[in-house]
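In: Fold the following and give me the result.
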Amino acid sequence: MRNKPAKRQERTNRYFDYTLLFIIIFLVCFGLVMLYSTSAYKAQAEYGDGTYFLKKQVFATVLGFSAMFIISRIDYHFWMRFAGLAYIVAFGLCVVVIFKGAESHGQSRWIKLGPLSFQPSEFAKIAVILFLATMISKMPKKMAKFKNIIRVFVTLVPILVPVAYTNLSTAVIIAGIAIALTFVASPKYKHFVALAAFAIAGGSLFIMTAGYRAERIEIWLNPEEHEKGFQTMQGLYAIGSGGFFGKGLGESMQKLGFVPEAQNDMIFSIICEELGLFGAICVILLFLLMIWRFMVIANNAPDLFGALLVVGIMAHIAIQVILNIAVVTNSMPNTGITLPLISYGGTSVSFLLAELGLAFSVSRGIKLEG
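Out: This is a model prediction of the structure:
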């Protein structure tokens, strides 16, 4: 009697992107070091504690990593059922902040929760990524039609209006995320030429209808002639004085009150001053490596929903990095965009790390045959 050949058992290994994890940890740790270096003088002068900003950022970072770990262990399909709810909650919070928000530097962007403050626009970014990924994944074949692409953008109008009212730069990021997701899902790229023309025309009209926006363009073109161009000029001085290898960690002069809010959206200028062009290039390369890992995960995602989630996260980080560096180098008008994982901002780092947990959840769904 012949023995039947045993069935070959394929061993399936679950994938986890440790390279992406290392990049995130390195950027966060580097950000904490640069934050302390940049903010110690101001923290000591205003609060009597040189570690004031560092402590708050460490607390937010711990919360963010905890959320990232928990979310990475949950099947990302679980969040599909909450996509609509997340969108509605984000819209509600963005409306509430207009009327009940706490003001800081003349802008109402925060909601106070006891001793903590919360920026709804950061939650709105995650909500939009989740909502659009769910929406598009349910009608992939319909994305070939221009009317369905327009439909996607129309659904964003309710949340874009309150977000743009309080924070135009965040509205630009959300719109950019939507463009990236529809671009990936649509097989006909010519539709986006028409969208680009419409966006340029609409953006120009939007800028010209408000005097302060037109003034920003004028300050951008001639910062040395305007009092409000002081921050830009001081940031450029910091970049120029750093040379190739910089003055050394902690040796910046511009952070001593010359660059306003240096620990926030202008922290890249202090990186250039202390670590030079070499340090700036290394930071940019790390972000490029992060984008590459997102592309690897998206290309190997188990399904369209997972791929769109990762593409949305990739677009969010890429757009924010580009806008921040462009503003600091005066390549575009000032928008108040922070540098992801590096700039000071508890809400930003917490929600961004939680968002990255979704990318890790998708990566866990990738199966390696062995």
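In: rest of the way, CA atoms for contacts and neighbours
Out: Noted.
In: what's the following helix or strand after the helix or strand harbouring residue 230?
Out: Counting by DSSP states H and E, the element that carries residue 230 is helix 230-242. Using DSSP H and E, the helix or strand that follows helix 230-242 towards the C-terminus is helix 267-299.
In: Report the buried residues of that following helix.
Out: 267-277, 279-280, 283, 286-287, 290-291, 293-295, 297-299 (16 or more other Cα atoms under 10 Å).
In: for stretch 234-245, same thing?
Out: Neighbour-count burial for stretch 234-245 flags 234-244 (criterion: 16+ other Cα under 10 Å).
In: sorry, back to before: how far is the helix holding residue 230 from where the chain is centred?
Out: Helix 230-242 has its average C-alpha position 24 Å from the chain's average C-alpha position, going by Cα atoms, centre = their mean, to the nearest Å.
In: if we look at it, which residues are touching it?
Out: Applying Cα atoms under 8 Å, 6 or more residues apart in numbering, the contact partners of helix 230-242 are 223-224, 252-254, 258-260, 266, 269-270, 272-277, 328-330.
In: if we go to 6 Å?
Out: 254, 259, 269, 272-273, 276 (Cα atoms under 6 Å, 6 or more residues apart in numbering).
In: Could you check the angle the helix or strand hosting residue 45 makes with helix 267-299?
Out: Here residue 45 sits within helix 18-47, counting by DSSP H and E. Inter-element angle recorded for helix 18-47 and helix 267-299: 150 degrees (by axes from the mean of the first three to the mean of the last three Cα atoms, to 10 degrees).
In: Next, the angle helix 18-47 makes with the helix or strand following helix 18-47.
Out: Next in sequence after helix 18-47, counting helices and strands by DSSP H and E, comes helix 52-72. Angle, helix 52-72 to helix 18-47, by the same axes, to 10 degrees: 150 degrees.
In: SS state for residue 109?
Out: strand (DSSP: H, G, I helix; E, B strand; the rest coil).
In: Which positions in the helix holding residue 45 come out as buried?
Out: 20, 23-24, 27-29, 31-32, 34-43.
In: Now do that helix, average pLDDT.
Out: If you average the pLDDT over helix 18-47, you get 94.
In: ok, now stretch 320-332?
Out: 90.
In: Equivalent analysis for stretch 229-244, please.
Out: Stretch 229-244 comes out with an average pLDDT of 86.
In: cool, stretch 94-114 as well?
Out: Mean predicted confidence for stretch 94-114 is 72.
In: let's number from 40 now, not from 1
Out: Fine by me, first position is 40 from now on; the one you just mentioned is stretch 133-153.
In: Other residues contacting stretch 288-303?
Out: In contact with stretch 288-303 (Cα under 6 Å, 6+ apart) are residues 74, 76-78, 270, 273, 277, 313, 382-383.
In: Can you measure across that stretch, start residue to end residue?
Out: From its first residue to its last, stretch 288-303 covers 18 Å (Cα to Cα, to the nearest Å).
In: Repeat that for stretch 83-90.
Out: In stretch 83-90, first residue to last residue: 8 Å (Cα to Cα).
In: from memory residue 366 sits against residue 374, does it?
Out: No - using Cα atoms under 6 Å, residue 366 is not in contact with residue 374; the gap is 7.0 Å.
In: who has more neighbours, the two?
Out: Just comparing residue 366 and residue 374: by other Cα atoms under 10 Å the higher neighbour count belongs to residue 366, 23 against 18.
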